[in-house]
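Enquirer: structure of the sequence below:
(one chain, ligands or ions: 1)
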Amino acid sequence: MNIYVAEKSGFCFGVKKAIDIAKENVLEGKIFTFGPLIHNNQVIEKLKDMGIEPIDSLDKVKNGKVIIRSHGIPLSTYEEAQSFNIEIIDATCPYVRKVQKLAEKYHSEGYQIVILGDKNHPEIIGINGWCENSAIIIPNHEDLDKIRGLESLCIICQTTFSHKEYDIIVKELNLDNSLVFNTICSATSERQEACLELAKNVDIMFVIGGKHSSNTKKLYSICLEECPCTYHIETKEDLYKIDFKNCSNSEKIGVTAGASTPDWIIYEVIDKLENEGEVIINGKL
Ligand code: SF4
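Expert: Next up, the predicted model:
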């Protein structure tokens, strides 16, 4: 059994920066994060042990600073924090900030903002809050009827949006008098491209990351198209829960991880596969 790890995988620049900021600031006192700092339960538990506590409402903050996570927040939440006299430490990823600025600028110039992404994701809720919550949100090309025929659109995307979906959508629309910004971040593109290449060439593919992590779910669906034996796992323990009987081969094993998966979780999975992979997988084939 040979194990191959995608060239680009795991923590991205924006997530790493947010965690570093939280760790630096907790040395000076209690720290809150507005929502979980990243979509990874194992990391959140470790941060809680250090005194970094997620909250879902600013009125719960007493004597502490609040970190804005890499997903960013709506403009109104900054204003709310100011009205409560709460000290904000802003760890919004610069790539997300750029999308917020586009939404703000072109909304003020009269364009109809269209966001390609998941309407329930905090990043999208945040971006929409920079254009007075007026954006039309499109999860995929099957929903394009919502904007067909409209003019003066400004199309932007969730930073973790699928490249493939983006290309389909841009091809399908008549974009005269409209603006289109591909705001998929480079960390996302690199991870999607690297996992696609790897998934084409392995027998079994593991995608490691939080079950709620949007970018991990995208990596999973990309890999699944190329490799039917693709599994989304959170930790090494999940390896035992998989039924591998539909996988005819287990010679080449691929591993990738979402942008909110820390190295230690990836190493634990690789270590487990190296030492017990034959037994775990072949025992169920
Ligand atoms: S996935 Fe991209 S946009 Fe999101 S935090 Fe990471 S670097 Fe920033």
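Enquirer: contact partners for the most centrally placed residue in the chain?
Expert: Centroid-nearest residue in the chain: residue 215, 3.6 Å away (criterion: CA atoms, centre = their mean). Residues near residue 215 by CB atoms under 8 Å, 6 or more residues apart in numbering: 160, 188, 191, 209, 258, 259, 260. Just so you know, the C-beta spots here come from the backbone N, C-alpha and C atoms, and that holds for glycine as well.
Enquirer: contact partners for the fourth one?
Expert: The one in question is residue 209. Taking CB under 8 Å, 6+ apart, we find residue 209 in contact with 39, 40, 215, 216, 219, 232, 234, 257, 258, 259, 260, 261.
Enquirer: quick check: pLDDT value at residue 57.
Expert: With respect to pLDDT, residue 57 scores 89.
Enquirer: quick check, pLDDT for residue 63.
Expert: Residue 63 carries a pLDDT value of 76.
Enquirer: quick one: it is in a helix?
Expert: No: counting by DSSP: H, G, I helix; E, B strand; the rest coil, residue 63 is not part of a helix but coil.
Enquirer: residues near whichever residue of the stretch 1-150 of the chain sits closest to the ligand, how many?
Expert: In the stretch 1-150 of the chain, no residue comes nearer to the ligand than residue 14, which is 2.5 Å away by CB to the nearest ligand atom. Per other CB atoms under 10 Å, the neighbour tally for residue 14 reads 25.
Enquirer: what of residue 154?
Expert: By other CB under 10 Å, the residues close to residue 154 number 22.
Enquirer: quick check, nearest of the contacts of residue 215 to residue 246?
Expert: Closest approach to residue 246 among these (CB to CB): residue 209, at 22.2 Å.
Enquirer: the closest one and residue 50, how far apart?
Expert: 22 Å (CB to CB, to the nearest Å).
Enquirer: how about the residues of this protein that lie near the ligand?
Expert: For the chain, the residues in contact with the ligand (CB under 6 Å from any ligand atom) are 12-15, 70, 93, 95-96, 159-160, 185, 187-188, 215, 259.
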